[in-house]
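**Student:** Got a sequence here, can you build the structure:
(one chain, ligands or ions: 1)
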Amino acid sequence: MSAVIPASSSSEAPPPTGKTKPIVYFIGLTAALAGLLFGLDVGVISGANEFIQKDFGVDDRMVEKIVSSLLWGAVFGVLISGFFSLRLGRRGTILISAIIFAVGSVLCSAAPSAGALIAARFFLGIAVGMASFVAPLYLSEIAPRSVRGALIAMYQLMITIGIVLAFLSDTFFSTYANLQPLATEISQSLSSLAGGRGQMVMHAYFIMPWRWMIGIIAVPALLMFLGMLFLPESPRWLVLKKRGPKALAVLRRLASSEAEADRELAEIEASLKMEQKGFSLFRDNRNFRRAVFLGVGLQVIQQFTGINVIMYYAPRILQEAGFNTTAEQMWGTVLIGTINVLATFIAIAFVDRLGRKPMMFAGFVVMGLGMLSLGALFHLGIGAHGGGGLTMSYLAVAALVVFIIGFAMSAGPIIWILCAEIFPLAGRDFGITCSTVTNWAANAIVGMTFLTMLNTLGPGNTFLLYGALNAVFIVFFLTLVPETKGVSLESIEEKLLAGTPLKNIGR
Ligand code: BGC
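**Tutor:** Numbering: from 1, shown residues only. Sure thing, here's the model as predicted:
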């Protein structure tokens, strides 16, 4: 999820007054499907893990590899996105990512071994990474200024909705769907091709809930592909490729008046005069390097809050906390995903009113308390064998919910917002690539170490450690992070490049 904001969004010109055309919302919804797919692929694995582990008979180390292979794929996906989105356009790149989403989902669901699943998830991750870079870029470039913020926020919300939908679909396939009759029918109709033994193998394939959980994601991927076929290319990219008349035609379709379309075109042309310097700026300009390190640091912090430990392993954590049935674990996970969606609205409502820093401060305190309480509960004796009783188990759910509220109202959306605000225009693409890659790499490290931590340190110490990290991050915030509420991007840029301490480049 990267909110790449083009130069024109920081313009101080008055917002257009005309009514927003329905096509703008259609575009927003279709492109935001990329966010939904991103969320579906992030969320789906938590419910699938247990079944995959049993099906392939693999240990926790292998599960960590299966979880994190998608995240390393995403790192690669972000790295190649800049190239594709410049050459083929934003729309073209989203179309390619939709194809990889669909094919990757099918490949994952058909994987014959854990190794093949790791490879297929890496491939699928390329789509997740590409979508996390290109979809917000496309949205921010195509939306008229009056609804630009809303469309980017909608994209971010879609990620959390994708996660909870994946949790729900996992719950359905693991606890309620009786796959037996369907599996029998499919394998019988395929038996003429495969013979008796083949029929048995195929039956085993089709009855596995995890294969359905993951495979079903090909459907929204195809929907996004079809929807995108009807959408126009980003006008900003068209101008970049010297196709001004085409860009104007697109802008006229979208803008509420011809005058507004003309003005947007002029703004795009003006902003594109600023050459993207990227790496040379990083090499030569110490002040730009500071911003890149801040962006990278913010993303490391977002991931080391421990959010994805919960996103990927919630059912396992709930099991450790004493919930022994799959249904209990799955519904607990759905609860956590739902709270994640709802609490995101707190950030949307207050981030521009109260400011980034107070929200972040409050969020990190809440997250720290959540994680520390969870760690303490494990030390007090909740456990998979019923130790500590039901009350303790429910308290553990409450601690998880507290943590999620803290994350969704702060680090979840606000770190992406900050990363879109702190880079000077000439290095914005480079800066956002670095911070987004860091997000996925840190995400992968968390995903591939959690079960090992659980097995070596024990759940109590693992969560205490994450709690302590959240407390340390508060210090980072107070000393290094600027307050950017209501400040124009130009002013942030001017102060950063003049050498003002990072903490003061905002207000
Ligand atoms: C993070 C993801 C996380 C999601 C949870 C995003 O802001 O970047 O790693 O899975 O929030 O809602």
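
**Student:** domains for the protein, by residue range?
**Tutor:** 20-231, 276-507 (automatic domain parsing).

**Student:** what's next to stretch 475-484, contact-wise?
**Tutor:** By C-beta atoms under 8 Å, 6 or more residues apart in numbering, the residues outside stretch 475-484 that reach it are 294, 297-298, 301, 355-357, 360-361, 364, 417-418, 421-422, 492, 502-507. C-beta here means a position set from N, CA and C on the backbone, and glycine is covered the same way.

**Student:** which of the residues in that stretch are buried?
**Tutor:** Phe477, Val481, Pro482, Glu483, Thr484 (16 or more other C-beta atoms under 10 Å).

**Student:** Please name the nearest non-neighbouring residue to the third one.
**Tutor:** Closest residue to Pro482 apart from its sequence neighbours, by C-beta to C-beta, 6 or more residues apart in numbering: Gly506 at 3.5 Å.

**Student:** Show the contacting residues for the one you found.
**Tutor:** Pro482, Glu483, Thr484, Lys485, Val487, Ile492.

**Student:** Tell me the one of those nearest the ligand?
**Tutor:** Thr484 (17.5 Å; C-beta to the nearest ligand atom).

**Student:** so where do the strands sit in the chain?
**Tutor:** Here the chain has no strands by DSSP state E.

**Student:** Residue of it nearest the ligand, please.
**Tutor:** With C-beta to the nearest ligand atom as the measure, Gly412 is the residue of the chain nearest to the ligand, at 4.1 Å.

**Student:** Please check the contacts of stretch 475-484 and keep the buried ones.
**Tutor:** Among the contacts of stretch 475-484, those classed as buried by 16+ other C-beta under 10 Å are 294, 297-298, 301, 355-357, 360-361, 364, 417-418, 421-422, 492, 502, 505-506.

**Student:** By mean pLDDT, flag the weakest helix or strand of this protein.
**Tutor:** One helix or strand of the chain scores below all others by mean pLDDT, DSSP states H and E: helix 180-207, with a mean of 72.

**Student:** and the residue lying closest to the residue of the chain closest to the ligand once chain neighbours are set aside, what is it in contact with?
**Tutor:** Nearest non-adjacent residue to Gly412, counting by C-beta to C-beta, 6+ apart: Thr344, 6.4 Å away. Listed by C-beta under 8 Å, 6+ apart, the contact partners of Thr344 are Gln156, Leu157, Thr160, Ala408, Met409, Gly412, Pro413.

**Student:** redo that, cut-off 10 Å
**Tutor:** Listed by C-beta atoms under 10 Å, 6 or more residues apart in numbering, the contact set of Thr344 reads Ala153, Gln156, Leu157, Ile159, Thr160, Ile161, Ile405, Phe407, Ala408, Met409, Gly412, Pro413.

**Student:** so which of those would you say is closest to Gly306?
**Tutor:** Compare each of the contacts of Thr344 with Gly306 using C-beta to C-beta and the shortest gap goes to Phe407, at 8.7 Å.

**Student:** In contact with that closest one, which residues?
**Tutor:** Here Phe407 is in contact with 302, 305-307, 310-311, 339-340, 343-344, 347, 363-364, 366-367, 370, 413, 470 (C-beta under 10 Å, 6+ apart).

**Student:** before we move on, back to that, in helices, which of the buried ones among the contacts of stretch 475-484 fall?
**Tutor:** 294, 297-298, 301, 356-357, 360-361, 364, 417-418, 421, 492 (DSSP state H).

**Student:** Can you lay out those residues as CSV showing distance to the ligand?
**Tutor:** What follows is these, written out as CSV (distance: C-beta to the nearest ligand atom, whole Å):
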residue, distance to the ligand
Leu294, 17
Gly297, 15
Leu298, 11
Ile301, 11
Arg356, 14
Lys357, 18
Met360, 13
Phe361, 18
Phe364, 14
Ile417, 10
Leu418, 12
Glu421, 16
Ile492, 21
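
**Student:** For those, give me a markdown table that also has pLDDT.
**Tutor:** As requested, those are exported to a markdown table (pLDDT from 0 to 100):
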| residue | pLDDT |
| --- | --- |
| Leu294 | 96 |
| Gly297 | 96 |
| Leu298 | 96 |
| Ile301 | 97 |
| Arg356 | 87 |
| Lys357 | 91 |
| Met360 | 93 |
| Phe361 | 94 |
| Phe364 | 96 |
| Ile417 | 83 |
| Leu418 | 87 |
| Glu421 | 85 |
| Ile492 | 87 |
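
**Student:** Quick check: residues of the protein near the ligand?
**Tutor:** 1, 42, 159-160, 163, 302, 307-308, 311, 340, 412, 439, 443 (C-beta under 6 Å from any ligand atom).

**Student:** ok, now with 8 Å
**Tutor:** Residues of the chain that fall close to the ligand, judged by C-beta under 8 Å from any ligand atom: 1, 39, 42, 156, 159-160, 163, 299, 302-303, 307-308, 311, 340, 344, 407-408, 411-413, 415-416, 439, 443.
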